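Trainee: Only the shape, not the letters, is given here:
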DNA sequence: ATGTGC
C-alpha cells in the first residue's frame, strides 16, 4: 500500500480519505497534520485509519492525530467514536497499555536551585521508583485489597494516605472511572498486577525533571493560572500506565472477542487486530468493565509514584512537599474508551469515544474540567522525547471537531529495532549529560530506543495542534534529568 | 507497551 496521493486537503492541517477510498468505509477518515508531518507519516497510518472507518457504529470520522504512527489495529494517535447502541468496542482502539498517561507536578524551585543537586535528585528518584521490565512495587496488598484498587483508582490512594484531595480533583475523571467491576478480571491479570502499584515500567515510560524557561512561555496568563510563578521554574513530568495488568486485560479480551466476533455477532473486519464486540453485548460490557479496572490501576500507579517523588524532593531539599509547592497541574489518560456527551449532527448524544495514543482536551467551561481550570480549558500534557522537551497546552472550543481530542506525544519515526541499531545507549547518556540532561536507566538498549532522533519534532506536533484548533500552547518544558526503564 | 515469543 502506497502513500494516498488522492488524499483531499480540507485545510492546511486537516486531510481526508473519502468513504470511497476503500471498500467498506462507513465514514471518511481525517488526519490532522501539517503537510510536512503528513508526508513523513508511515503508510500504515492510512491503511489503519481507513480500516477503523469500517467499524460498525462509527460516527462522523475516523481520526488520526499529528503524532500518529502505525500501531496494533488502530494507529497510535487514533480516535474513533461509536454509537453505543449500534457500535462496537475494540481493544485495539484503546491499546495494550490501558490508561498509559502523563502527570505533571509543580515545584516552586528554580533551575538555579535544582541544577547543583540534579545528580543526587535523579539518583534518588531512580532508587525510589522501580523501573524496568518486570519491576515490582513497594506496596503489598491482598487480592481483595487489589480489587479495591481496581474499582477505586486514586480514591483508594486517598484512603491510604498516598494522595491529597487536591490531587484527585486535577486527575481526569477524578482518578476513577465509575462502574469498574473486578469480577470482569482474570486471575492471571490479578496475579500480574498485584505487585505493580507504584512502578514506572519500561519502553517510553519515564519520570523527568524539567524547566519552564521564561523564553518558552507561550501564554503568560494561562501559565500563571496553571501555577507557573517562579522564573525558570522546575516541574516533574512522568509517563506510565497499567503495566502487566492492563496488558493482560487486553490479551484476555482480544482472545474472547476473536472467538465470538464472527460466530456469535457476525461482524466482519478487515484486520484481526481490530477485534471487537458490540458495545452492548455481554462480552463488550465485560471488557468495558475490565478496561475501567485497568484505567483505575494506572491512576493508582501514577498516584503512588507521585507520593514517592514528593518524598524524594522533600528529603533532598529538606522541606515538606507542601513548602516545595509540589501541587499537581494535571493527569491525562492516553489509552481509554469513555462514554461522553457530544453534539452529533446538531443533537446532544452520548457516544463511546476510543482514544488510542491521543489526549482528551476539553475546551473552556465544559463539564468534567476541574473548577480551577474551568475558564481556561483542560490542561493537556504532550510528552516529547527525553532529549527534546515536552509541552503543556490547554483545550479549545474548536476541539469539538475531534470530540475534543489532541496529540499525546512526539510519535516515533524510527522503529525500536532501527533506533537500537543506530544509537548506542551508553554514548547517548554521555552526550545528553554534556547537553545538561542527566539520565539514569535500567537498560542501555532501552535508552537507545528512546533517543530523540527516533521521534518526530515535538515543536511541530504542538504547533500543528494549535494551528488545527485542537489545543493551544502554554509552555514548553525542557528536560534536565530523567529516569527511564 | 509487555514476566518483550507459539
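Mentor: Yes, it's here. Since we're looking at a predicted model, the values are computed, not measured. Numbering: from 1, shown residues only, chains lettered A, B, ... in the order given.

Trainee: For burial, what's the neighbour tally of residue A:114?
Mentor: Residues lying near residue A:114 (other Cβ atoms under 10 Å) number 21. (Glycine included, C-beta is placed from N, CA and C.)

Trainee: So which bits of the strand or helix carrying it are buried?
Mentor: Using DSSP states H and E, residue A:114 sits in helix A:111-114. Across helix A:111-114, burial judged by 16 or more other Cβ atoms under 10 Å covers A:111, A:114.

Trainee: ditto for stretch A:329-340
Mentor: Neighbour-count burial for stretch A:329-340 [16+ other Cβ under 10 Å]: A:329-338, A:340.

Trainee: Just give me the neighbour total for the nearest residue to residue A:132 once chain neighbours are set aside.
Mentor: Once flanking residues are discounted, residue A:132 sits nearest to residue A:442: 3.4 Å by Cβ to Cβ, 6 or more residues apart in numbering. Residue A:442 has 18 neighbours, counted by other Cβ under 10 Å.

Trainee: So residue A:442 is in contact with residue A:484, correct?
Mentor: Yes: in this structure residue A:442 lies within contact range of residue A:484 using Cβ atoms under 8 Å: 7.4 Å.

Trainee: so what sits against both of the two?
Mentor: In terms of Cβ atoms under 8 Å, 6 or more residues apart in numbering, residue A:442 and residue A:484 are both contacted by the residues A:131, A:202.

Trainee: Nearest to DNA strand B: which residue in the stretch 101-250 of chain A?
Mentor: In the stretch 101-250 of chain A, no residue comes nearer to DNA strand B than residue A:203, which is 2.2 Å away by Cβ to the nearest atom of the strand.

Trainee: Now for that residue: which residues touch it?
Mentor: With Cβ under 8 Å, 6+ apart, residue A:203 has these contacts: A:446, A:449-450, A:485.

Trainee: Most neighbours among those residues, which one?
Mentor: residue A:450 (27 neighbours).

Trainee: The helix or strand residue A:300 falls within vs DNA strand B: in contact?
Mentor: Under the criterion of DSSP H and E, residue A:300 resides in helix A:282-317. No: against DNA strand B, helix A:282-317 shows no contacts by Cβ under 7 Å from any atom of the strand, the least distance being 9.4 Å.

Trainee: and that helix, how far from the chain's centre?
Mentor: With Cα atoms, centre = their mean, to the nearest Å as the basis, helix A:282-317 stands 13 Å off its chain's centre.

Trainee: since we're on the closest residue to residue A:285 other than its chain neighbours, how many residues are nearby?
Mentor: Computed as Cβ to Cβ, 6+ apart, the closest residue to residue A:285 that is not its neighbour in sequence is residue A:279, at 7.6 Å. Close neighbours of residue A:279, defined as other Cβ under 10 Å, add up to 23.

Trainee: separation between residue A:279 and residue A:212?
Mentor: 41 Å (Cβ to Cβ, to the nearest Å).

Trainee: Then residue A:366?
Mentor: Taking Cβ to Cβ, one finds residue A:366 at 26 Å from residue A:212.

Trainee: neighbour-wise, which of these two wins?
Mentor: More crowded of residue A:366 and residue A:212, by other Cβ under 10 Å: residue A:212, with 25 against 17.

Trainee: Could you show which parts of chain A are in contact with DNA strand B?
Mentor: Residues of chain A lying near DNA strand B (Cβ under 7 Å from any atom of the strand): A:72, A:96-97, A:100, A:133-134, A:188, A:191-192, A:196, A:201-205, A:240-241, A:243-244, A:247-248, A:443, A:446, A:450, A:485.

Trainee: Tell me the buried residues within those residues.
Mentor: Using 16+ other Cβ under 10 Å, the buried ones in those are A:72, A:96-97, A:100, A:192, A:196, A:201-205, A:240-241, A:243-244, A:247-248, A:443, A:446, A:450, A:485.
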